[in-house]
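Undergrad: Sequence and predicted structure, then a few things I'm wondering about:
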Amino acid sequence: MSKQIEDVIEKVKQKNPGEVEFHQAVTEVLHSLEPAIEKHPEFERYKILERLVEPERVVMFKVAWLDDKQEIHVNRGYRIQFNSAIGPYKGGLRFHPSVNLSILKFLGFEQTFKNSLTGLAMGGAKGGSDFDPKGKSETEIMHFCQAFMAELWRFIGPDTDVPAGDIGVGGREIGYMFGQYRKVQNTFTGVLTGKGVDWGGSYIRPEATGYGTTYFAEQMLKARGETIKGKIVAISGSGNVAQYAVQKVNQLGGKVVTVSDSDGSIYDPDGVVGKKFDFFLDLKQKREGRIKEYADEFGVEYMPKQRPWSIKCDIAMPCATQNEIDKDDAQTLLDNGVMAVIEGANMPSTIEATNIFIEGGVSFGPGKAANAGGVACSGLEMAQNSQRVRWSPKEVDQRLHDIMEDIHQATYETASKYDSKSASSKIKNYVIGANIFGFEKVARAMIAQGIV
Ligand code: NDP
(Lines give C-alpha, C1' and ligand atoms only; values in the text may rest on other atoms or scores of the structure.)
Protein backbone atom coordinates (compact mmCIF):
# COMPACT_ATOMS: atom_id res chain seq x y z
CA MET A 1 0.00 0.00 0.00
CA SER A 2 1.32 3.48 -0.87
CA LYS A 3 2.95 5.48 1.90
CA GLN A 4 0.65 8.42 1.29
CA ILE A 5 -2.45 6.30 1.83
CA GLU A 6 -1.06 4.64 4.96
CA ASP A 7 -0.07 8.08 6.35
CA VAL A 8 -3.54 9.49 5.79
CA ILE A 9 -5.17 6.46 7.47
CA GLU A 10 -2.76 6.74 10.40
CA LYS A 11 -3.53 10.44 10.82
CA VAL A 12 -7.28 9.77 10.74
CA LYS A 13 -6.81 7.23 13.55
CA GLN A 14 -4.71 9.67 15.61
CA LYS A 15 -7.03 12.64 15.10
CA ASN A 16 -10.23 10.68 15.72
CA PRO A 17 -9.38 8.31 18.57
CA GLY A 18 -11.85 5.54 19.31
CA GLU A 19 -13.95 6.16 16.19
CA VAL A 20 -13.69 2.59 14.98
CA GLU A 21 -16.43 2.62 12.37
CA PHE A 22 -15.00 5.80 10.83
CA HIS A 23 -11.50 4.25 10.76
CA GLN A 24 -12.96 1.14 9.14
CA ALA A 25 -14.73 3.08 6.37
CA VAL A 26 -11.70 5.28 5.64
CA THR A 27 -9.36 2.26 5.56
CA GLU A 28 -11.65 0.30 3.25
CA VAL A 29 -12.14 3.18 0.82
CA LEU A 30 -8.57 4.50 0.76
CA HIS A 31 -7.04 1.07 0.18
CA SER A 32 -9.23 0.59 -2.88
CA LEU A 33 -8.28 4.02 -4.29
CA GLU A 34 -4.61 3.17 -4.73
CA PRO A 35 -4.74 2.57 -8.52
CA ALA A 36 -6.49 5.93 -9.05
CA ILE A 37 -3.96 7.76 -6.87
CA GLU A 38 -1.13 6.17 -8.84
CA LYS A 39 -2.68 7.17 -12.15
CA HIS A 40 -3.39 10.76 -11.10
CA PRO A 41 -0.41 12.36 -9.33
CA GLU A 42 -2.37 15.62 -9.16
CA PHE A 43 -4.60 14.08 -6.47
CA GLU A 44 -1.59 13.84 -4.19
CA ARG A 45 -0.37 17.33 -5.11
CA TYR A 46 -3.75 18.81 -4.18
CA LYS A 47 -3.87 16.72 -0.98
CA ILE A 48 -7.27 15.36 -2.02
CA LEU A 49 -7.22 12.41 0.41
CA GLU A 50 -6.26 14.56 3.41
CA ARG A 51 -9.04 17.01 2.52
CA LEU A 52 -11.59 14.30 1.82
CA VAL A 53 -11.32 12.54 5.20
CA GLU A 54 -11.98 15.75 7.16
CA PRO A 55 -15.70 16.63 7.34
CA GLU A 56 -16.42 20.19 6.22
CA ARG A 57 -18.57 20.78 9.29
CA VAL A 58 -19.66 18.75 12.35
CA VAL A 59 -22.66 20.03 14.28
CA MET A 60 -23.49 18.52 17.68
CA PHE A 61 -26.36 19.79 19.76
CA LYS A 62 -28.52 19.15 22.79
CA VAL A 63 -32.07 17.88 22.30
CA ALA A 64 -34.13 18.29 25.47
CA TRP A 65 -37.73 17.05 25.41
CA LEU A 66 -40.62 16.08 27.70
CA ASP A 67 -42.12 12.58 27.74
CA ASP A 68 -45.79 11.81 28.40
CA LYS A 69 -45.17 11.77 32.17
CA GLN A 70 -43.68 15.28 31.93
CA GLU A 71 -40.24 13.89 32.64
CA ILE A 72 -37.33 15.66 30.97
CA HIS A 73 -34.93 13.76 28.69
CA VAL A 74 -31.72 14.96 27.09
CA ASN A 75 -30.41 13.39 23.89
CA ARG A 76 -27.61 14.38 21.58
CA GLY A 77 -28.26 15.50 18.01
CA TYR A 78 -25.73 15.53 15.16
CA ARG A 79 -25.30 16.63 11.58
CA ILE A 80 -22.07 15.77 9.79
CA GLN A 81 -21.76 17.89 6.63
CA PHE A 82 -19.00 15.91 5.02
CA ASN A 83 -18.40 17.16 1.51
CA SER A 84 -20.31 19.57 -0.74
CA ALA A 85 -18.01 19.71 -3.77
CA ILE A 86 -20.61 18.34 -6.20
CA GLY A 87 -23.87 19.57 -4.64
CA PRO A 88 -25.76 20.47 -1.46
CA TYR A 89 -25.18 18.11 1.47
CA LYS A 90 -27.54 15.15 1.34
CA GLY A 91 -27.90 12.10 3.58
CA GLY A 92 -30.20 10.49 6.11
CA LEU A 93 -30.98 11.05 9.78
CA ARG A 94 -30.70 8.01 12.05
CA PHE A 95 -32.49 7.72 15.42
CA HIS A 96 -31.04 4.77 17.31
CA PRO A 97 -29.42 4.38 20.75
CA SER A 98 -26.16 3.24 19.10
CA VAL A 99 -25.74 6.54 17.22
CA ASN A 100 -22.46 8.31 17.93
CA LEU A 101 -19.96 10.53 16.16
CA SER A 102 -18.00 7.60 14.74
CA ILE A 103 -21.00 5.93 13.13
CA LEU A 104 -22.26 9.17 11.62
CA LYS A 105 -18.83 10.11 10.32
CA PHE A 106 -18.48 6.72 8.64
CA LEU A 107 -21.92 7.14 7.11
CA GLY A 108 -21.30 10.73 5.97
CA PHE A 109 -17.95 9.77 4.44
CA GLU A 110 -19.50 6.87 2.53
CA GLN A 111 -22.44 9.04 1.48
CA THR A 112 -20.11 11.38 -0.40
CA PHE A 113 -19.08 8.57 -2.78
CA LYS A 114 -22.56 7.09 -2.98
CA ASN A 115 -24.13 10.40 -3.96
CA SER A 116 -21.45 10.94 -6.55
CA LEU A 117 -22.24 7.52 -8.05
CA THR A 118 -25.89 8.45 -8.62
CA GLY A 119 -24.90 11.05 -11.23
CA LEU A 120 -27.04 13.64 -9.41
CA ALA A 121 -25.73 16.87 -7.85
CA MET A 122 -25.58 15.91 -4.18
CA GLY A 123 -22.81 16.21 -1.59
CA GLY A 124 -22.41 13.85 1.37
CA ALA A 125 -23.82 14.20 4.89
CA LYS A 126 -25.39 12.18 7.69
CA GLY A 127 -27.01 13.00 11.00
CA GLY A 128 -29.27 11.77 13.73
CA SER A 129 -29.53 11.19 17.42
CA ASP A 130 -29.03 8.56 20.12
CA PHE A 131 -32.78 8.81 20.78
CA ASP A 132 -34.49 5.39 20.83
CA PRO A 133 -37.90 5.54 19.13
CA LYS A 134 -38.80 2.02 20.31
CA GLY A 135 -41.61 1.96 22.84
CA LYS A 136 -42.26 5.72 22.58
CA SER A 137 -45.78 7.05 22.16
CA GLU A 138 -46.88 9.02 19.11
CA THR A 139 -46.72 12.31 21.05
CA GLU A 140 -43.28 11.51 22.43
CA ILE A 141 -42.01 10.87 18.89
CA MET A 142 -43.54 14.15 17.76
CA HIS A 143 -42.07 16.12 20.68
CA PHE A 144 -38.65 14.64 20.08
CA CYS A 145 -38.73 15.36 16.32
CA GLN A 146 -39.82 18.95 16.99
CA ALA A 147 -37.09 19.48 19.59
CA PHE A 148 -34.51 17.99 17.20
CA MET A 149 -35.56 20.26 14.34
CA ALA A 150 -35.78 23.30 16.64
CA GLU A 151 -31.98 23.18 16.60
CA LEU A 152 -31.15 21.56 13.25
CA TRP A 153 -33.11 24.05 11.10
CA ARG A 154 -30.42 26.72 11.24
CA PHE A 155 -27.86 24.44 9.55
CA ILE A 156 -29.97 23.08 6.66
CA GLY A 157 -31.89 24.41 3.65
CA PRO A 158 -33.00 23.29 0.17
CA ASP A 159 -29.76 24.56 -1.41
CA THR A 160 -27.54 23.85 1.61
CA ASP A 161 -28.36 20.51 3.17
CA VAL A 162 -31.37 18.26 2.57
CA PRO A 163 -31.67 15.45 5.16
CA ALA A 164 -33.75 12.29 4.65
CA GLY A 165 -34.67 9.20 6.71
CA ASP A 166 -32.54 6.25 7.83
CA ILE A 167 -32.82 3.72 10.67
CA GLY A 168 -35.59 4.85 13.02
CA VAL A 169 -36.64 7.74 10.79
CA GLY A 170 -39.48 7.02 8.35
CA GLY A 171 -42.33 9.02 6.84
CA ARG A 172 -43.87 9.83 10.23
CA GLU A 173 -40.70 11.35 11.68
CA ILE A 174 -39.95 13.25 8.44
CA GLY A 175 -43.48 14.70 8.70
CA TYR A 176 -43.00 15.99 12.25
CA MET A 177 -39.59 17.45 11.42
CA PHE A 178 -40.88 19.06 8.24
CA GLY A 179 -43.80 20.62 10.15
CA GLN A 180 -41.41 22.16 12.67
CA TYR A 181 -39.07 23.47 9.95
CA ARG A 182 -41.99 25.03 8.07
CA LYS A 183 -43.19 26.71 11.25
CA VAL A 184 -39.87 28.23 12.34
CA GLN A 185 -38.83 29.24 8.80
CA ASN A 186 -42.26 30.28 7.58
CA THR A 187 -41.44 28.71 4.20
CA PHE A 188 -42.74 25.63 2.42
CA THR A 189 -39.66 24.26 0.76
CA GLY A 190 -38.11 20.91 -0.15
CA VAL A 191 -35.77 20.86 2.85
CA LEU A 192 -36.30 17.17 3.66
CA THR A 193 -36.91 14.19 1.41
CA GLY A 194 -39.08 11.19 2.17
CA LYS A 195 -42.09 13.50 2.56
CA GLY A 196 -45.67 12.32 2.08
CA VAL A 197 -46.85 12.37 -1.55
CA ASP A 198 -49.59 14.86 -0.67
CA TRP A 199 -47.09 17.47 0.50
CA GLY A 200 -44.10 17.33 -1.81
CA GLY A 201 -42.93 13.73 -1.51
CA SER A 202 -42.04 11.52 -4.45
CA TYR A 203 -43.77 8.33 -5.39
CA ILE A 204 -41.52 5.27 -4.93
CA ARG A 205 -39.28 6.96 -2.31
CA PRO A 206 -40.28 4.43 0.42
CA GLU A 207 -39.61 1.57 -1.99
CA ALA A 208 -36.50 3.07 -3.60
CA THR A 209 -33.66 1.60 -1.55
CA GLY A 210 -35.02 -1.96 -1.48
CA TYR A 211 -36.05 -1.83 -5.15
CA GLY A 212 -32.78 -0.19 -6.16
CA THR A 213 -30.68 -2.79 -4.33
CA THR A 214 -32.58 -5.53 -6.13
CA TYR A 215 -32.18 -3.78 -9.50
CA PHE A 216 -28.45 -3.64 -8.81
CA ALA A 217 -28.46 -7.35 -7.95
CA GLU A 218 -30.30 -8.02 -11.21
CA GLN A 219 -27.58 -6.17 -13.18
CA MET A 220 -24.75 -7.96 -11.38
CA LEU A 221 -26.27 -11.33 -12.11
CA LYS A 222 -26.98 -10.37 -15.73
CA ALA A 223 -23.30 -9.48 -16.15
CA ARG A 224 -22.45 -13.09 -15.38
CA GLY A 225 -25.27 -14.56 -17.44
CA GLU A 226 -27.64 -15.21 -14.52
CA THR A 227 -31.02 -13.93 -13.28
CA ILE A 228 -32.80 -13.63 -9.94
CA LYS A 229 -35.55 -15.98 -11.11
CA GLY A 230 -35.49 -19.23 -9.17
CA LYS A 231 -32.72 -18.15 -6.80
CA ILE A 232 -32.87 -18.67 -3.03
CA VAL A 233 -32.35 -15.31 -1.32
CA ALA A 234 -31.45 -14.64 2.33
CA ILE A 235 -32.37 -11.13 3.47
CA SER A 236 -31.62 -9.62 6.89
CA GLY A 237 -33.59 -6.85 8.56
CA SER A 238 -37.28 -6.18 8.29
CA GLY A 239 -37.32 -2.39 8.08
CA ASN A 240 -37.78 -0.09 5.14
CA VAL A 241 -34.97 -1.46 2.97
CA ALA A 242 -35.64 -5.15 3.70
CA GLN A 243 -39.40 -4.88 3.12
CA TYR A 244 -39.11 -3.57 -0.42
CA ALA A 245 -36.14 -5.77 -1.26
CA VAL A 246 -38.34 -8.77 -0.38
CA GLN A 247 -41.15 -7.38 -2.54
CA LYS A 248 -38.95 -6.77 -5.59
CA VAL A 249 -37.15 -10.12 -5.32
CA ASN A 250 -40.57 -11.80 -5.22
CA GLN A 251 -41.65 -9.84 -8.30
CA LEU A 252 -38.52 -10.95 -10.15
CA GLY A 253 -39.16 -14.60 -9.33
CA GLY A 254 -36.62 -15.15 -6.54
CA LYS A 255 -37.51 -16.88 -3.27
CA VAL A 256 -36.79 -14.97 -0.04
CA VAL A 257 -36.33 -17.48 2.76
CA THR A 258 -35.20 -15.27 5.66
CA VAL A 259 -35.91 -11.91 7.28
CA SER A 260 -34.85 -10.72 10.72
CA ASP A 261 -34.91 -8.01 13.37
CA SER A 262 -32.63 -7.26 16.28
CA ASP A 263 -34.22 -10.11 18.30
CA GLY A 264 -33.68 -12.90 15.74
CA SER A 265 -34.37 -14.34 12.28
CA ILE A 266 -37.02 -16.50 10.66
CA TYR A 267 -36.39 -19.23 8.11
CA ASP A 268 -39.26 -19.91 5.75
CA PRO A 269 -38.14 -22.44 3.10
CA ASP A 270 -41.30 -21.80 1.05
CA GLY A 271 -40.64 -18.08 0.80
CA VAL A 272 -41.95 -14.84 2.32
CA VAL A 273 -44.48 -14.49 -0.43
CA GLY A 274 -48.19 -13.89 -1.13
CA LYS A 275 -50.30 -13.69 2.04
CA LYS A 276 -47.20 -14.29 4.15
CA PHE A 277 -45.55 -11.21 2.63
CA ASP A 278 -48.72 -9.18 3.33
CA PHE A 279 -48.61 -10.35 6.95
CA PHE A 280 -44.93 -9.40 7.19
CA LEU A 281 -45.57 -5.91 5.80
CA ASP A 282 -48.54 -5.33 8.08
CA LEU A 283 -46.59 -6.62 11.10
CA LYS A 284 -43.70 -4.23 10.49
CA GLN A 285 -45.47 -1.20 9.00
CA LYS A 286 -48.65 -1.02 11.04
CA ARG A 287 -48.20 -3.02 14.23
CA GLU A 288 -44.55 -2.46 15.18
CA GLY A 289 -44.44 -6.24 15.75
CA ARG A 290 -41.45 -8.52 16.21
CA ILE A 291 -40.40 -10.98 13.50
CA LYS A 292 -40.99 -13.91 15.87
CA GLU A 293 -44.73 -13.36 15.32
CA TYR A 294 -44.23 -14.41 11.67
CA ALA A 295 -42.76 -17.72 12.84
CA ASP A 296 -45.62 -18.19 15.32
CA GLU A 297 -48.24 -17.37 12.68
CA PHE A 298 -46.89 -19.66 9.93
CA GLY A 299 -45.16 -22.37 11.98
CA VAL A 300 -41.71 -21.78 10.50
CA GLU A 301 -38.35 -21.85 12.25
CA TYR A 302 -37.40 -18.92 14.49
CA MET A 303 -33.71 -18.43 15.31
CA PRO A 304 -33.54 -16.20 18.39
CA LYS A 305 -30.59 -13.78 18.57
CA GLN A 306 -29.25 -15.15 15.30
CA ARG A 307 -28.52 -13.54 12.00
CA PRO A 308 -29.72 -15.44 8.92
CA TRP A 309 -26.32 -16.22 7.40
CA SER A 310 -26.25 -19.90 8.39
CA ILE A 311 -29.08 -20.57 5.92
CA LYS A 312 -28.04 -21.95 2.53
CA CYS A 313 -28.75 -19.44 -0.23
CA ASP A 314 -27.69 -18.33 -3.71
CA ILE A 315 -27.94 -14.63 -2.95
CA ALA A 316 -27.50 -12.78 0.38
CA MET A 317 -28.85 -9.28 0.85
CA PRO A 318 -27.91 -7.76 4.22
CA CYS A 319 -30.44 -4.98 4.81
CA ALA A 320 -30.25 -4.31 8.58
CA THR A 321 -27.16 -2.52 9.87
CA GLN A 322 -23.38 -2.11 9.80
CA ASN A 323 -21.02 -5.05 10.51
CA GLU A 324 -23.79 -7.66 10.50
CA ILE A 325 -21.67 -10.06 8.40
CA ASP A 326 -18.36 -10.93 10.04
CA LYS A 327 -15.66 -13.20 8.68
CA ASP A 328 -17.27 -16.36 10.10
CA ASP A 329 -20.63 -15.48 8.55
CA ALA A 330 -18.89 -14.77 5.23
CA GLN A 331 -17.08 -18.10 5.33
CA THR A 332 -20.34 -19.91 6.12
CA LEU A 333 -22.11 -18.21 3.21
CA LEU A 334 -19.23 -19.06 0.90
CA ASP A 335 -19.10 -22.70 2.06
CA ASN A 336 -22.85 -22.90 1.43
CA GLY A 337 -22.36 -21.81 -2.17
CA VAL A 338 -23.49 -18.16 -2.17
CA MET A 339 -22.93 -16.63 -5.64
CA ALA A 340 -23.76 -12.97 -4.92
CA VAL A 341 -23.87 -10.68 -1.87
CA ILE A 342 -25.59 -7.34 -2.37
CA GLU A 343 -25.53 -4.79 0.45
CA GLY A 344 -28.84 -3.03 1.09
CA ALA A 345 -27.53 -1.71 4.41
CA ASN A 346 -24.52 0.57 4.83
CA MET A 347 -21.25 -1.33 5.46
CA PRO A 348 -22.99 -4.52 6.67
CA SER A 349 -19.87 -6.57 5.86
CA THR A 350 -16.67 -6.17 7.84
CA ILE A 351 -13.47 -5.67 5.84
CA GLU A 352 -12.50 -9.32 6.49
CA ALA A 353 -15.90 -10.53 5.27
CA THR A 354 -15.67 -8.39 2.13
CA ASN A 355 -12.25 -9.85 1.35
CA ILE A 356 -13.54 -13.40 1.80
CA PHE A 357 -16.31 -12.72 -0.72
CA ILE A 358 -14.06 -11.05 -3.27
CA GLU A 359 -11.29 -13.63 -3.01
CA GLY A 360 -13.87 -16.44 -3.04
CA GLY A 361 -15.25 -15.37 -6.44
CA VAL A 362 -18.58 -14.09 -5.09
CA SER A 363 -20.18 -11.15 -6.94
CA PHE A 364 -20.08 -8.53 -4.19
CA GLY A 365 -22.15 -5.33 -4.49
CA PRO A 366 -20.99 -2.79 -1.89
CA GLY A 367 -23.67 -0.66 -0.21
CA LYS A 368 -22.53 2.63 -1.61
CA ALA A 369 -23.39 1.41 -5.10
CA ALA A 370 -26.10 -1.16 -4.40
CA ASN A 371 -28.21 0.89 -1.98
CA ALA A 372 -27.78 4.24 -3.75
CA GLY A 373 -31.35 3.98 -5.08
CA GLY A 374 -32.72 5.58 -1.89
CA VAL A 375 -30.69 8.73 -2.15
CA ALA A 376 -31.10 8.77 -5.93
CA CYS A 377 -34.86 8.84 -5.49
CA SER A 378 -34.41 11.57 -2.88
CA GLY A 379 -32.52 13.47 -5.58
CA LEU A 380 -35.52 12.95 -7.86
CA GLU A 381 -37.76 14.27 -5.07
CA MET A 382 -35.58 17.40 -4.86
CA ALA A 383 -35.83 17.84 -8.63
CA GLN A 384 -39.64 17.55 -8.51
CA ASN A 385 -39.80 20.03 -5.60
CA SER A 386 -37.64 22.56 -7.46
CA GLN A 387 -39.84 22.32 -10.54
CA ARG A 388 -43.04 22.08 -8.46
CA VAL A 389 -44.14 18.99 -10.38
CA ARG A 390 -44.91 15.39 -9.48
CA TRP A 391 -43.94 12.44 -11.62
CA SER A 392 -46.04 9.26 -11.75
CA PRO A 393 -44.94 6.12 -9.85
CA LYS A 394 -44.14 4.48 -13.19
CA GLU A 395 -41.93 7.37 -14.28
CA VAL A 396 -40.02 7.50 -10.97
CA ASP A 397 -39.54 3.72 -10.96
CA GLN A 398 -38.22 3.81 -14.52
CA ARG A 399 -35.76 6.61 -13.61
CA LEU A 400 -34.68 4.64 -10.54
CA HIS A 401 -34.13 1.55 -12.65
CA ASP A 402 -32.11 3.55 -15.19
CA ILE A 403 -29.96 5.11 -12.46
CA MET A 404 -29.19 1.70 -10.93
CA GLU A 405 -28.31 0.36 -14.37
CA ASP A 406 -26.00 3.34 -14.94
CA ILE A 407 -24.35 2.87 -11.52
CA HIS A 408 -23.79 -0.79 -12.32
CA GLN A 409 -22.32 0.02 -15.72
CA ALA A 410 -20.02 2.72 -14.32
CA THR A 411 -18.74 0.54 -11.46
CA TYR A 412 -18.35 -2.47 -13.79
CA GLU A 413 -16.31 -0.48 -16.31
CA THR A 414 -14.23 1.29 -13.67
CA ALA A 415 -13.40 -2.06 -12.04
CA SER A 416 -12.32 -3.45 -15.42
CA LYS A 417 -10.15 -0.38 -16.03
CA TYR A 418 -8.37 -0.27 -12.67
CA ASP A 419 -8.28 -3.88 -11.48
CA SER A 420 -6.35 -6.40 -13.55
CA LYS A 421 -8.23 -9.36 -12.07
CA SER A 422 -11.58 -7.77 -12.94
CA ALA A 423 -10.41 -7.01 -16.47
CA SER A 424 -10.18 -10.70 -17.28
CA SER A 425 -13.18 -11.97 -15.35
CA LYS A 426 -16.96 -11.68 -15.55
CA ILE A 427 -16.99 -11.21 -11.76
CA LYS A 428 -15.87 -7.66 -11.16
CA ASN A 429 -14.43 -6.04 -8.07
CA TYR A 430 -17.31 -3.60 -7.52
CA VAL A 431 -15.64 -2.21 -4.38
CA ILE A 432 -12.81 -0.81 -6.47
CA GLY A 433 -15.25 0.21 -9.20
CA ALA A 434 -17.62 2.08 -6.87
CA ASN A 435 -14.98 3.77 -4.75
CA ILE A 436 -12.87 4.98 -7.66
CA PHE A 437 -15.77 6.11 -9.82
CA GLY A 438 -17.39 8.00 -6.93
CA PHE A 439 -14.07 9.43 -5.80
CA GLU A 440 -12.74 10.74 -9.11
CA LYS A 441 -15.72 13.00 -9.73
CA VAL A 442 -15.51 14.54 -6.23
CA ALA A 443 -11.72 14.90 -6.54
CA ARG A 444 -12.00 16.70 -9.88
CA ALA A 445 -14.62 19.08 -8.45
CA MET A 446 -12.43 19.81 -5.42
CA ILE A 447 -9.46 20.63 -7.64
CA ALA A 448 -11.57 22.85 -9.90
CA GLN A 449 -12.99 24.80 -6.95
CA GLY A 450 -9.63 25.62 -5.36
CA ILE A 451 -8.46 25.25 -1.78
CA VAL A 452 -11.60 25.88 0.24
P1 NDP B 1 -35.22 0.57 9.56
O2 NDP B 1 -35.11 1.27 10.85
O3 NDP B 1 -36.46 0.72 8.77
O4 NDP B 1 -34.94 -0.99 9.74
C5 NDP B 1 -33.75 -1.45 10.29
C6 NDP B 1 -33.84 -2.95 10.43
O7 NDP B 1 -32.58 -3.45 10.86
C8 NDP B 1 -34.84 -3.40 11.48
O9 NDP B 1 -35.35 -4.65 11.11
C10 NDP B 1 -33.98 -3.50 12.74
O11 NDP B 1 -34.51 -4.37 13.72
C12 NDP B 1 -32.70 -4.03 12.17
N13 NDP B 1 -31.57 -3.58 12.99
C14 NDP B 1 -31.20 -2.30 13.27
N15 NDP B 1 -30.13 -2.28 14.07
C16 NDP B 1 -29.80 -3.57 14.27
C17 NDP B 1 -28.78 -4.23 15.00
N18 NDP B 1 -27.86 -3.53 15.67
N19 NDP B 1 -28.76 -5.58 15.00
C20 NDP B 1 -29.69 -6.30 14.32
N21 NDP B 1 -30.68 -5.74 13.61
C22 NDP B 1 -30.74 -4.41 13.59
O23 NDP B 1 -33.95 1.06 8.69
P24 NDP B 1 -33.72 1.02 7.13
O25 NDP B 1 -34.36 -0.20 6.58
O26 NDP B 1 -34.08 2.34 6.59
O27 NDP B 1 -32.13 0.91 7.04
C28 NDP B 1 -31.45 -0.34 7.06
C29 NDP B 1 -30.04 -0.14 6.57
O30 NDP B 1 -30.06 0.40 5.23
C31 NDP B 1 -29.16 0.84 7.36
O32 NDP B 1 -27.82 0.43 7.31
C33 NDP B 1 -29.33 2.14 6.57
O34 NDP B 1 -28.26 3.04 6.80
C35 NDP B 1 -29.32 1.61 5.17
N36 NDP B 1 -29.89 2.47 4.15
C37 NDP B 1 -31.17 2.92 4.26
C38 NDP B 1 -31.71 3.73 3.28
C39 NDP B 1 -33.14 4.14 3.28
O40 NDP B 1 -33.57 4.75 2.29
N41 NDP B 1 -33.92 3.85 4.30
C42 NDP B 1 -30.88 4.20 2.15
C43 NDP B 1 -29.57 3.58 2.07
C44 NDP B 1 -29.11 2.78 3.07
P45 NDP B 1 -35.28 -3.76 15.01
O46 NDP B 1 -36.57 -3.27 14.47
O47 NDP B 1 -35.38 -4.89 15.93
O48 NDP B 1 -34.39 -2.65 15.52
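TA: The structure has been received and is ready for your questions.

Undergrad: rest of the way, CA atoms for contacts and neighbours
TA: Noted.

Undergrad: So which bits of the stretch 251-400 of the chain are right by the ligand?
TA: 261-263, 319-322, 344-346, 371, 374 (Cα under 6 Å from any ligand atom).

Undergrad: what helices or strands is the strand or helix carrying residue 282 leaning on?
TA: Following DSSP states H and E, the helix or strand that holds residue 282 is helix 275-285. The helices and strands touching helix 275-285, judged by 3 or more Cα pairs under 8 Å, 6 or more residues apart in numbering; DSSP states H and E, are helix 292-298.

Undergrad: ok, residues contacting the helix it packs on?
TA: Counting by Cα atoms under 8 Å, 6 or more residues apart in numbering, helix 292-298 makes contact with 264-266, 276, 279-280, 300-302, all of which sit outside it.

Undergrad: For the helix holding residue 282, which residues meet the burial criterion?
TA: 277, 279-281, 283-284 (16 or more other Cα atoms under 10 Å).

Undergrad: still on that earlier bit, nearest to the ligand, of the contacts of helix 292-298?
TA: Proximity of the contacts of helix 292-298 to the ligand (Cα to the nearest ligand atom) peaks at residue 264, which lies at 7.8 Å.

Undergrad: before we move on, the earlier item: so which of the residues of the stretch 251-400 of the chain next to the ligand is the most crowded?
TA: Most neighbours among those, by other Cα atoms under 10 Å: residue 344, with 36 neighbours.

Undergrad: what pLDDT does that residue get?
TA: pLDDT for residue 344: 98.

Undergrad: Kindly report the same for the one 3 residues further on.
TA: Per-residue confidence (pLDDT) for residue 347: 93.

Undergrad: Residue 380 too?
TA: 98.

Undergrad: just residue 137 next, same as before
TA: Reported pLDDT for residue 137: 97.

Undergrad: Could you measure from the nearest residue to it once chain neighbours are set aside over to residue 174?
TA: Leaving out its chain neighbours, the residue that sits closest to residue 137 by Cα to Cα, 6 or more residues apart in numbering is residue 68, at 7.9 Å. Between residue 68 and residue 174 the computed distance is 21 Å (Cα to Cα, to the nearest Å).

Undergrad: in the lengthiest helix in the chain, what's buried?
TA: Determined from DSSP state H, the single longest helix within the chain is helix 393-418. For helix 393-418, a neighbour-count test (16+ other Cα under 10 Å) marks 396-397, 399-401, 403-416, 418 as buried.

Undergrad: now do stretch 327-339
TA: Buried residues in stretch 327-339 (16+ other Cα under 10 Å): 327, 329-331, 333-334, 338-339.

Undergrad: How about stretch 359-373?
TA: In stretch 359-373, counting by 16+ other Cα under 10 Å, buried: 361-373.

Undergrad: now stretch 170-190
TA: 170-181, 189-190.

Undergrad: Pick out the most distant pair among these.
TA: 170 and 189 (18.8 Å; Cα to Cα).

Undergrad: for the residue positioned nearest the centre of the chain, what are its contacts?
TA: With distances taken as Cα atoms, centre = their mean, the residue of the chain nearest its centroid is residue 346 (4.3 Å). Contact analysis of residue 346 by Cα under 8 Å, 6+ apart lists 107, 321-322, 367-368, 371.

Undergrad: Quick check: residue 390 vs residue 122, distance?
TA: 20 Å.

Undergrad: that older thread, just the buried residues of stretch 359-373 now: which is nearest the ligand?
TA: Closest approach between those and the ligand, by Cα to the nearest ligand atom: residue 371, at 5.0 Å.

Undergrad: Wait, that closest one touches residue 343, no?
TA: Yes. Between residue 371 and residue 343 there is a contact under Cα atoms under 8 Å: 6.7 Å.

Undergrad: Show me whatever sits in contact with both of the two.
TA: Going by Cα under 8 Å, 6+ apart, residues that sit against residue 371 and also against residue 343 are residue 213.

Undergrad: Output the below-cut-off pLDDT ranges for the stretch 51-200 of the chain.
TA: Nowhere does the stretch 51-200 of the chain drop to pLDDT under 70.

Undergrad: Can you name the residues of it sitting close to the ligand?
TA: Counting by Cα under 6 Å from any ligand atom, the stretch 51-200 of the chain comes close to the ligand at 165-168.

Undergrad: please redo it, this time with the cut-off set to 5 Å
TA: 166-168 (Cα under 5 Å from any ligand atom).
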